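Peer 1: Quick one: sequence and predicted model below, then my questions.
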Amino acid sequence: MTDSQGIVVPPGEGAVLDMSPGRAAALKLQSGETGESIMVFEEAAPAGTATSYHIHHNSDEVAYVLSGEITFKIGDTVTVGGAGACAFMPRGIAHAWKNTGIETGRVLFMYAPAAAGKWFEDLQKLHRPVASVDAEEIAAIHRRYQWEIVGPSPL
């Protein structure tokens, strides 16, 4: 339960995290604004963008494809989703995604509870591109929020 009175984040607003050149994540609802119940961000992912194969041990993740073609690997299942596709990645299950389209894709991500999403909030507070953050510092943030990197992108 949250003491929040509610919040509306207008289009184009929200703290922005520079994941890598051309890959911005706009933090729409941060954990402190929702009483830790949910964290939401919108990511612009250029063609070819992919995540590592990883596990969140303390949060479920939902991805809603706004535009583009995103391929998801959840456990042993691989599925391609276009605009309107919605993926559920339960805590404890290895997963990854990749923009397999030819255009920049836009995806709305949600973490519930907000624990795993705090990874993005902590990186945003560093005020520098994720690509420039020391690997050990990123690994420490992974451990703090119970992210486990299983391996490189399988997609």
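Peer 2: Looks like it arrived, so ask away. Residues are numbered from 1 along each chain as shown.
Peer 1: Helix, strand, or coil at Glu136?
Peer 2: For Glu136, the assignment made with DSSP: H, G, I helix; E, B strand; the rest coil gives helix.
Peer 1: So the residue nearest the centre of the chain: helix, strand or coil?
Peer 2: Per C-alpha atoms, centre = their mean, the C-alpha nearest to the average position across the chain is that of Phe109, at 5.4 Å. State at Phe109, reduced to three classes by three-state DSSP: strand.
Peer 1: So what pairs up with it in the strands?
Peer 2: Bridge pairing for Phe109 (DSSP bridges) gives the partners Phe41, Ala63.
Peer 1: In contact with it, which residues are there?
Peer 2: For Phe109, the contacting residues are Val40, Phe41, Glu42, Glu43, Glu61, Val62, Ala63, Tyr64, Gly117, by C-beta atoms under 8 Å, 6 or more residues apart in numbering. Where you see a C-beta, it was placed from the backbone N, CA and C, and this is true even at glycine.
Peer 1: can we see that at 10 Å?
Peer 2: Phe109 is in contact with 25, 28, 39-43, 61-64, 87, 89, 97, 116-117, 120, counting by C-beta atoms under 10 Å, 6 or more residues apart in numbering.
Peer 1: for Val9, same thing?
Peer 2: Val9 sits next to Ala15, Ala26, Leu27, Lys28, Leu29, Gln30, Glu33, Val40, Glu42 when contact means C-beta under 10 Å, 6+ apart.
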